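Engineer: Structure for the following, please:
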Amino acid sequence: MDIKISGKNIETGAAFQRHAEDGLQDVVNKYFADAIAAAVTLEKTLAGFTVKTKVNLTKRIDLESTGQDTRDAHIALDAALSHAEKRLRRHKRRLKSHRNNLTDQEVAEQTITASLSIYESAASNTAPPLSTETPNSNTDIDTSYKDSDALPIIAQLSYEVELLTVEQAVMQLELSDEPCLMFRNASHLGLNLVYKRNDNMIAWVDPRGNRGDI
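Structural biologist: Residues are numbered from 1 along each chain as shown. A predicted model of the protein is given here:
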């Protein structure tokens with residue numbers, strides 16, 4: 001597994017790099033020996049140190065974790081590694097049965113690349129038509145829509161919608177640091193959503209009301 005280590009507002013020394021490489025290799029190989037690549041980012045702020053790790057377990061499944069400490073970068077790294085190990089341990093069985101055996105063509109056939117334009121205003125429920133053009137970047141601000149009463153929030157992004165069972169979608173959401181995941185339900189091909197609630201539970205939204213695949 002190729003591991004890239006970088007620093008933000010700080011230089012990563014040799015000791016930290018060895019700690020990150022050895023620690024992440026040990027954690028990942030214990031539960032999933034076929035990981036593709038990984039990245040470790042160390043950031044220093046006024047509040048202390050933050051370490052973020054991202055491991056490409058397969059072409060479609062990423063493992064993300066974060067650790068923080070006010071004084072020591074190595075302690076922040078250990079916290080991130082511990083977080084990653086807990087997630088891998090929880091999903092060890094599912095990961096083994098969810099190996100990436102699909103060809104690139106099969107993955108492409110099961111994936112929709114959606115272009116979204118979201119217009120949100122506290123004062124009005126009206127919005128311009130959704131854009132059908134693929135944006136040049138993940139986030140692009142369009143200033144053409146104005147609301148005199150509230151500041152509009154406009155987001156444009158390219159989003160890959162995968163064909164998954166609900167169990168697979170929940171696993172991918174829990175392995176990542178993302179708040180939500182949109183997917184095509186493998187049982188009926190409709191769009192579904194799983195998201196993390198404020199009470200740490202995971203909610204599942206299925207507009208079709210089909211509950212037959214779990």
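Engineer: By mean pLDDT, flag the weakest helix or strand of this protein.
Structural biologist: Of the helices and strands making up the chain, the lowest-confidence element is strand 111-120, at a mean of 45, by mean pLDDT, DSSP states H and E.
Engineer: Contacts for stretch 165-173 next, please.
Structural biologist: Identification of contacts with stretch 165-173 by Cβ atoms under 8 Å, 6 or more residues apart in numbering yields 60-62, 91, 94-95, 98, 164, 180-181, 183, 185-187, 192, 194-196, 202, 204, 206, 213-214. Where C-beta positions appear, they are placed from N, C-alpha and C, glycine not excepted.
Engineer: does Ala38 sit in a helix, a strand or a coil?
Structural biologist: Following DSSP: H, G, I helix; E, B strand; the rest coil, Ala38 is assigned to strand.
Engineer: That one is in contact with Thr53, isn't it?
Structural biologist: Yes. Between Ala38 and Thr53 there is a contact under Cβ atoms under 8 Å: 6.6 Å.
Engineer: Can you pull out the low-pLDDT segments for the protein?
Structural biologist: Scanning the chain for pLDDT under 70 picks out the ranges 97-159, 209-214.
Engineer: if we go to 80?
Structural biologist: 60, 93-160, 208-214 (pLDDT under 80).
Engineer: Run through the helices of it in chain order.
Structural biologist: Taking DSSP state H to define them, one finds helices in the chain at 14-31, 73-90, 92-96, 104-109, 166-175.
Engineer: Export these to TSV and append columns for mean neighbour count and distance to Lys8.
Structural biologist: Formatted as TSV, the helices of the chain follow (neighbours: other Cβ atoms under 10 Å; distance: least, Cβ to Cβ, whole Å):
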stretch	mean neighbour count	distance to Lys8
helix 14-31	16	13
helix 73-90	19	12
helix 92-96	13	30
helix 104-109	10	32
helix 166-175	20	23
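Engineer: among those helices, which is nearest Leu42?
Structural biologist: Closest to Leu42 of the helices of the chain, according to Cβ to Cβ: helix 73-90, at 5.7 Å.
Engineer: now the closest one against helix 166-175, angle please.
Structural biologist: 170 degrees (axes from the mean of the first three to the mean of the last three Cα atoms, to 10 degrees).
Engineer: and helix 73-90, what does it pack onto?
Structural biologist: Helices and strands in packing contact with helix 73-90 are listed as helix 14-31, strand 37-45, strand 48-56, strand 62-69, helix 166-175; criterion 3 or more Cβ pairs under 8 Å, 6 or more residues apart in numbering; DSSP states H and E.
Engineer: Mind putting those into a markdown table with distance to Ile5?
Structural biologist: Output for the helices and strands packed on helix 73-90, formatted as a markdown table (distance: least, Cβ to Cβ, whole Å):
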| stretch | distance to Ile5 |
| --- | --- |
| helix 14-31 | 5 |
| strand 37-45 | 5 |
| strand 48-56 | 10 |
| strand 62-69 | 14 |
| helix 166-175 | 21 |
